[in-house]
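Engineer: show me the folded form of this:
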Amino acid sequence: LESVNRSFLRTWGYSDEDKAIGRPLRDFIRSREGDLPVANFLEKDGAWEGEFTGVKQNGDVFRGFGSVSAILDNEGKRIGFQASFVDLTDKKKAEEGRLESEEMFKVLFEGAPDAIFIADTQKGGILDANKAACRLLGRTRAQVIGMNQQDLFPPEIRKQAREVFFLHVAQSQSYGHSDLTEMSVLSKNGTVVPVEIHAQTIRLHRETVLLGTFRDISDRKNAEEELRRKQELISSINNNLVSGMVYQLLRLKDGSRKFTYLSDSVKKMYGVPAEKALRDPELIYSRVHDEDREKVIRLEEEANRDLSVFKTEVRLINPDGSMRWSSFVSNPTLLADGSTRWDGIEMDITERKRAEEKLAKSEELVRNINNNLISGMVYQVCVLKNGTRKVTYASESAKRLYGVSAEVFMRDNTLPYSRIVDEDRRKLADLENEAIRSCSVFRAEVRMLNPDGSVRWSSFTSHPTMLPDGSTQWDGVELDITDRKEAEDKLR
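Structural biologist: Predicted coordinates for the structure are as follows:
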């Protein structure tokens, strides 16, 4: 080098140009792996342009873009080179962050149990739909994409559906999300399915679109109708979807807490925007009822110590001063630096708590409610590096499905495999092995033997988490889908 400007010195970390002058260009830039050295191009073509790895004076490296061209004398002879360089570090980081966000969105979008539609905010054209949405409508994704949102509904309410759609767009643009709305969608086979709709605007591929979540509330509607006929005791149960908030909390080695993600509903539930709560976790923790605060701290300490699922139901103070009941469930992941990441969900269970108090007055009413609830259980399985499986968590509904307590279920590693109907065992094993191999979401529908020897259909869905010791943690749910299967058989 014969001359450099101040920007060069600042970019490469030099305080004195004398320490840079006289050194070869290769001391400052390296070609990307697999590319020929820059000097080769300069010798051959007299010019070079492209991305490179810069080496600073202290040995640090950075990504950059450079352009080098020859300096010619009056006779056209090459007497040197001139070059300009741009530091691409911030641009590369932004690109990597965008890709990570898109991948996270894709995983959440496809893995969501509720139907999700993405629509154009101007005309309501459907741009994408997840698997649950296709199942809800009984259509393929190709058939759904391109429909107008109003075509999801029966003809007699399509005008209303169009008005609701644009109302949701306006609400989302005003305060981040829409109000909950109950409507009915029309499946391909003509079945009308009641749903609860919640929408919010998001930025996707540099466009503002409306993301709508449709929750099938058929079972809830049937249960509510049955309960209304039997007793007016539960007439005050709220028909709206229970409010909820998704969060990610980082607990550092020193015991301090830091929220790394809060869904937009934190504004509705706590009266503060997500940005403020991310900076100050006490804006959330301070809302815990005084009588429940010690319980939360104790359970949180135990879960963090044991790296077990954190579950609790506590009272919180709403922004308007009223009280609500909330259920917290979060799963831990031990990070390499010794901190623990907790991925969790808070659900407003106030109406459920009120209903439970009333339902406790009548054992018959409780039995009727239980008979109308979907049968299912939550489980957690750890697959060790040697292939051994260990059940680390099972919900109490294991008793209903398998005839054994959750404790016995967790000790008996043959469950649920020993209850699979012989003809379906190979199918489930193949799907499970493929999911383990690719570390992807495991889904299967198989026949199971009930404790009384009868056969039920069960749906299994579980999500993997790679642990630091090389094992894989699978968090899943089993649902009894016998009624659905029987209904499908009748339709066929």
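Engineer: Glu478 contacts Val446, correct?
Structural biologist: No - the criterion here is C-beta atoms under 8 Å, and Glu478 misses it with Val446 at 10.0 Å. Every residue, glycine included, has its C-beta placed from N, CA and C.
Engineer: which one of these two is surrounded by more residues?
Structural biologist: Glu478 (25 against 20; other C-beta atoms under 10 Å).
Engineer: doesn't that one belong to a helix?
Structural biologist: No - Glu478 sits outside any helix when classified using DSSP: H, G, I helix; E, B strand; the rest coil, being strand.
Engineer: can you pull the contacts of it?
Structural biologist: 376-377, 379, 401, 416, 458-460 (C-beta atoms under 8 Å, 6 or more residues apart in numbering).
Engineer: could you tell me which of the residues you listed belong to helices?
Structural biologist: Counted as lying in helices by DSSP state H, out of the contacts of Glu478, are Leu401.
Engineer: just the buried members of the contacts of Glu478?
Structural biologist: Burial by neighbour count, 16 or more other C-beta atoms under 10 Å: within the contacts of Glu478 this picks out 376-377, 379, 401, 416, 458-460.
Engineer: and which of those residues is nearest Ile79?
Structural biologist: Ranked by distance to Ile79 (C-beta to C-beta), the buried ones among the contacts of Glu478 are led by Phe460 at 73.2 Å.
Engineer: who does the closest one bridge with?
Structural biologist: Ala444, Glu478 (DSSP bridges).
Engineer: which residues touch it?
Structural biologist: Applying C-beta under 8 Å, 6+ apart, the residues near Phe460 are 428, 442-446, 476-478.
Engineer: after the longest helix seen in the chain, next one along is what?
Structural biologist: With DSSP H applied, the helix covering the greatest number of residues in the chain is identified as helix 89-111. Remark: after helix 89-111, the chain's next helix or strand is strand 115-120, criterion DSSP states H and E.
Engineer: burial count for the nearest residue to Leu137 once chain neighbours are set aside?
Structural biologist: In this structure, Leu137 finds its nearest non-sequential neighbour in Ser187, 5.3 Å apart by C-beta to C-beta, 6 or more residues apart in numbering. By other C-beta under 10 Å, 14 other residues sit near Ser187.
Engineer: surely Ser187 touches Leu136?
Structural biologist: Yes - Ser187 lies in contact with Leu136 (C-beta under 8 Å); the separation is 7.0 Å.
Engineer: overlap of the contact sets of the two?
Structural biologist: Val193.
Engineer: secondary structure class for Lys159?
Structural biologist: Once three-state DSSP is applied, Lys159 turns out helix.
Engineer: list the contacts for it?
Structural biologist: Contacts of Lys159 by C-beta under 8 Å, 6+ apart are Gln150.
Engineer: do Glu313 as well
Structural biologist: 325-328, 349, 353 are the contacts of Glu313 under C-beta under 8 Å, 6+ apart.
Engineer: top of these by neighbour count?
Structural biologist: Busiest of these [other C-beta under 10 Å] is Ser326, holding 23 neighbours.
Engineer: return the per-residue confidence for that residue.
Structural biologist: Looking at Ser326, its pLDDT stands at 92.
Engineer: overlap in contacts of Glu478 and Val446?
Structural biologist: 458, 460.
Engineer: sorry, back to before: out of the buried ones among the contacts of Glu478, who's nearest Ala161?
Structural biologist: Ser459 (29.7 Å).
Engineer: wouldn't the closest one be in contact with Glu445 here?
Structural biologist: Yes - assessed by C-beta under 8 Å, Ser459 is found in contact with Glu445 at 5.0 Å.
Engineer: overlap of the contact sets of these two?
Structural biologist: With C-beta under 8 Å, 6+ apart, Ser459 and Glu445 have common neighbours Ile481.
Engineer: measure stretch 179-193 end to end?
Structural biologist: 20 Å (C-alpha to C-alpha, to the nearest Å).
Engineer: what's that stretch in contact with?
Structural biologist: Residues from elsewhere that reach stretch 179-193 (C-beta under 8 Å, 6+ apart): 136-139, 143, 152-154, 157, 160-161, 164, 168, 171, 194-198, 214, 216-218, 239-241, 491.
Engineer: who's in contact with Thr392?
Structural biologist: 380-382, 410, 473.
Engineer: of those - the most surrounded one?
Structural biologist: Of these, with other C-beta under 10 Å as the count, Val381 tops at 22 neighbours.
Engineer: who does that residue form a beta bridge with?
Structural biologist: Val391, Trp474.
Engineer: ok, Lys258 next?
Structural biologist: Under the criterion used (DSSP bridges), Lys258 bridges to Leu250.
Engineer: from here on, count from 10
Structural biologist: Will do, 10 is the new start, and the previous item becomes Lys267.
Engineer: distance of it relative to Trp351?
Structural biologist: Noted for Lys267: a distance of 11 Å to Trp351, by C-beta to C-beta, to the nearest Å.
Engineer: so those two - more neighbours on which side?
Structural biologist: Trp351 (22 against 14).
Engineer: so that one touches Arg266, yeah?
Structural biologist: No - when contacts are counted by C-beta under 8 Å, Trp351 is not listed as touching Arg266 (9.0 Å).
Engineer: shared neighbours of the two, anything?
Structural biologist: 258-260.
Engineer: tabulate these (TSV), appending distance to Asn459.
Structural biologist: Formatted as TSV, the shared contacts of Trp351 and Arg266 follow (distance: C-beta to C-beta, whole Å):
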residue	distance to Asn459
Leu258	39
Leu259	43
Arg260	41
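Engineer: tabulate these (CSV), appending pLDDT, distance to Asp329 and neighbour count.
Structural biologist: Shown next, in CSV, are these (pLDDT from 0 to 100; distance: C-beta to C-beta, whole Å; neighbours: other C-beta atoms under 10 Å):
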residue, pLDDT, distance to Asp329, neighbour count
Leu258, 92, 25, 21
Leu259, 92, 30, 16
Arg260, 92, 30, 19
